[in-house]
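S.K.: Only the shape, not the letters, is given here:
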DNA sequence: CAATTGCTCCGAATGAGATTCCTTTCTTCA
DNA sequence: TGAAGAAAGGAATCTCATTCGGAGCAATTG
């Protein structure tokens, strides 16, 4: 009699808990920079055949590692040259629902809740300084919004989506010895 | 006698100063959400034929409105669950070259210079809190870096690339009457 | 006012590439 | 040692991107 539990475990592992081997990471790295590559070219760079990379990409999409494929628009030349980060101090934890409604505005690109001396952090891109003012007006119109601090971007030197690479060197050589790590 | 200046103006306008008509904006809007659409489907949504949208997309790419097509990776499931915004106070204006070298790290996603009580703003995504610490260590290793303030993201509610839509309502109804706009 | 020029659209044809199928190989488990 | 599952590669198919030619429209010129 076959072992069902074992089978299911194997299936689950294949579906979601796979730890991203070198092929996967290479594929992700290339696609995060240019999703217009052909599967043949992608396979050439990764050292696989076209059907093989196709299968892997399909799985990476299915498991959510690849959230989607998008065209990256240029803010200034598409009519929105004003970029700003807005820190929002709000009262009443959980009243963030109001802020989330701002997702409907195409000007709002990111909404995060952060730890630090502020509560929420927004990234917004507007057509004019007046539009930015209007956006701040909408923010202040929310009852829970106590204060905001805006950081208007003067120059953007780098702006990209999440990359696949991981710099292992960053995890080495801690600044201070961890507890119990007594040297000498 | 033909007007050469006029001719050149027309040509320049066609090449770069075209003001993005409704078709273009519709196409950009769709592609910014899903670049995997077929030209036939895209043409159907925009009210054009496949060759027509193909021509427009080609022009939007050539003129830089579309900067590229990328696969959007999911940070947590691709091994980088730690997201943070780092404000950097640096001395010596123009010493930002050192900071730009950080572009080589795949953990660094954005580098902006901003107006406000800080100089530079970084968006970084790391594999661990230790890696984030290592990144800050690299920052402090730069001679021009005076201080940093980090905002670690607890939850991300919205995160997307620049959208094509423009909310015209944001530009209306100014909070205060502009100079000279005397009412009554 | 008429004609020409340039631009952009559409429909059809062609070619490239995505997708599928099938076989082989390697690993894993009984 | 044998069996089973996973994954890769080669070949075939089929969708779709891309190109070509012709028509409509606007602006410009004679």
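M.R.: Received it, and whenever you're ready, just let me know what you need. These figures come from a predicted structure and were not determined experimentally.

S.K.: So is stretch A:70-83 next to DNA strand D?
M.R.: No: Stretch A:70-83 lies out of reach of DNA strand D by Cβ under 7 Å from any atom of the strand, never closer than 12.8 Å. C-betas here are computed from N, CA, C, even on glycine.

S.K.: which parts of that stretch are buried?
M.R.: A:70, A:71, A:72, A:73, A:74, A:75, A:77, A:78, A:79, A:80, A:82, A:83 (16 or more other Cβ atoms under 10 Å in any protein chain shown).

S.K.: Can you give the domain ranges for chain A?
M.R.: When chain A is parsed with automatic domain parsing, its domains come out as A:13-62, A:76-152.

S.K.: picking that back up, go through the buried residues of stretch A:70-83 and name the one nearest residue B:116.
M.R.: Nearest to residue B:116 among the buried residues of stretch A:70-83, counting by Cβ to Cβ, is residue A:83 at 12.9 Å.

S.K.: quick one: pLDDT of the nearest residue to residue A:39 once chain neighbours are set aside?
M.R.: Excluding its sequence neighbours, the residue lying closest to residue A:39 (Cβ to Cβ, 6 or more residues apart in numbering or on different chains) is residue A:50, at 4.2 Å. At residue A:50, the predicted lDDT confidence score is 95.

S.K.: dump the residue contacts of residue A:50.
M.R.: Neighbouring residues of residue A:50 by Cβ atoms under 8 Å, 6 or more residues apart in numbering or on different chains: A:38, A:39, A:40, A:42, A:43.

S.K.: out of the domains of chain A, deepest packed?
M.R.: domain A:76-152 (a mean of 18; mean count of other Cβ atoms under 10 Å in any protein chain shown).

S.K.: Start and end of it, how far apart?
M.R.: 14 Å (Cα to Cα, to the nearest Å).

S.K.: same deal with stretch A:96-105?
M.R.: Start-to-end span of stretch A:96-105 (Cα to Cα) is 16 Å.

S.K.: in chain A, which spans are helices?
M.R.: For chain A, the helices defined by DSSP state H cover A:4-15, A:22-33, A:39-46, A:50-62, A:96-100, A:129-141.

S.K.: now those in TSV, with distance to DNA strand C?
M.R.: Converted to TSV, the helices of chain A look like this (distance: least, Cβ to the nearest atom of the strand, whole Å):
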stretch	distance to DNA strand C
helix A:4-15	5
helix A:22-33	11
helix A:39-46	4
helix A:50-62	4
helix A:96-100	33
helix A:129-141	28
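
S.K.: so which of those helices gets nearest DNA strand D?
M.R.: Of all the helices of chain A, it is helix A:50-62 that lies closest to DNA strand D, at 3.4 Å by Cβ to the nearest atom of the strand.

S.K.: Can you confirm whether that closest one lies near DNA strand D?
M.R.: Yes: between helix A:50-62 and DNA strand D, judged by Cβ under 7 Å from any atom of the strand, the touching residues are A:50, A:51, A:52, A:55, A:56.

S.K.: Would you mind measuring from residue A:91 to residue A:143?
M.R.: When distance is defined by Cβ to Cβ, to the nearest Å, residue A:91 is 8 Å away from residue A:143.
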